[in-house]
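> A predicted structure for the sequence below; I have some questions about it.
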Amino acid sequence: MDKKSIGILGGMGPLATADLFRKIVLMTKAERDSDHVRIYIDDNCFIPDRTGAILRGGENPLPQMRDSLSKLQSCGADCIIMPCNTAHYFLPQLKKDARVPFISILEATADYCLEMYKGKTACILGTAATLDMKLYDNALSAKGVKFVTPSEEGKKTLMRIIYDVVKAGRPVEECRADFEAVIAEGLEQGADYFILGCTELPIAADELKLPYLFADPTYALARAAIHFCGYETN
C-alpha cells in the first residue's frame, strides 16, 4: 500500500496542534525516522474563534481555514485533519474546497467509543458551541453510542477550563475544582466515561491525572489518520 501524508489544519489552538502532532509521532509504529508519517502543519493562529463565530456572530473563521487548506493541499497533503472539535461545525463548507479527504474527529471518536466502551454511556465535554450545535450527537447516535451532556452551568464551567486556563496558558492545576465539578455532574447523570470534546481538555486531564475513564478525540483522530496513511500504530 502506498504511504500517504497528513496535513494538519492547526492553530486552534497551538497547544492542541502540538498535542496532536506529538500523539501521531508517539503512536506510529516506527524503528527509525523514515518509518514515520510525513506531516505538513499550518499552525494558523489567525483563525478567528469558532465559538464566538457560531454563538455570538463573531468574525467568520472560514476564510482563514480555507487559506490553510489551500496551503496544505499545495504542499501535497493526502488527507486533512483539524485538532479542533468546534471547527467541525464548518467542515461541510470547508469540504467544498477540498481536493483530498478530511478525516473527521467526530467520526473517529464515535468509532473509538464503540470499540472501547460499547454499551456504556458517555458524557460529552466541550465548548458551548460544540455542545449547543450538537456536533457529536449525530456521530455518536449513528454508532449507537449512548450519551449525556452537561447542564448550562456545566457548559460555563467547561468554557472557564478551556479559555481561562488552557488557552490562556495558565497552570492547569487552577482548573482542578472546575473539572471535578463537571465530572461529578456527569456521573450523577449516569455517565460511565467522558469524551474530552475540546482539544484543550485532554491536555488538562492528562496534567491533572484525573482517575476517570476518558475518550480522547485527539488520540482517536491521530489513530485514524495514521491508519488512513497506511501505517501501523503501537
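It's in.

> show me the contacts for residue 68.
9, 10, 11, 42, 44, 47 (Cβ atoms under 8 Å, 6 or more residues apart in numbering). The way it works is simple: take the backbone N, C-alpha and C, and place the C-beta from them, glycine included.

> name the SS class of the last one, please.
Spelled out, it's residue 47. coil (DSSP: H, G, I helix; E, B strand; the rest coil).

> pLDDT below threshold where in this protein?
Counting by pLDDT under 70, the chain has low-confidence residues at 1.

> picking up where we left off before, nearest to residue 79 among the contacts of residue 68?
Residue 79 has its nearest neighbour among the contacts of residue 68 in residue 9, at 10.8 Å by Cβ to Cβ.

> so which helix or strand takes in that closest one?
Assigned by DSSP states H and E, residue 9 belongs to strand 6-10.

> so what strands line up beside that strand?
Using DSSP bridges, the strands paired with strand 6-10 are strand 39-43 (parallel), strand 79-81 (parallel).

> so what touches the first one?
Outside of strand 39-43, the residues that reach it under the criterion Cβ under 8 Å, 6+ apart are 5-11, 14, 17, 21, 24, 68, 71-72, 75-77.

> what of the shortest one?
Judged by Cβ under 8 Å, 6+ apart, the contacts made with strand 79-81 from elsewhere in the structure are 4-9, 20, 69, 72-73, 98, 100-103, 105, 221, 225, 228-229.

> can you pull out the strands in the protein?
Remark: strands assigned in the chain by DSSP state E are 6-10, 39-43, 79-81, 121-125, 146-148, 193-196, 214-215.

> please identify the most buried of those strands.
Neighbour counts (mean count of other Cβ atoms under 10 Å) averaged over each of the strands of the chain peak at strand 6-10, with a mean of 26.

> ok, residues contacting that strand?
With Cβ under 8 Å, 6+ apart as the test, strand 6-10 has contacts from 16-17, 20-21, 24, 37-44, 65, 68-69, 72-73, 75, 77-83, 87, 100, 225, 229.

> 6 Å - rerun?
Strand 6-10 is contacted by residues 17, 37, 39-41, 43, 68, 72, 77, 79-83, 225 when judged by Cβ atoms under 6 Å, 6 or more residues apart in numbering.

> next: stretch 212-231.
1, 3-4, 6, 19-20, 23-24, 27-28, 37, 79, 81, 103, 105, 108-109, 112-113, 183, 193-196, 199, 202, 205, 233.

> can you rerun that using 7 Å?
Around stretch 212-231, the neighbours that count as contacts under Cβ atoms under 7 Å, 6 or more residues apart in numbering are 1-6, 19-20, 23-24, 27-29, 37, 78-79, 81, 83, 85, 103, 105, 108-109, 112-113, 116-117, 122, 183, 192-197, 199, 202, 205, 233.
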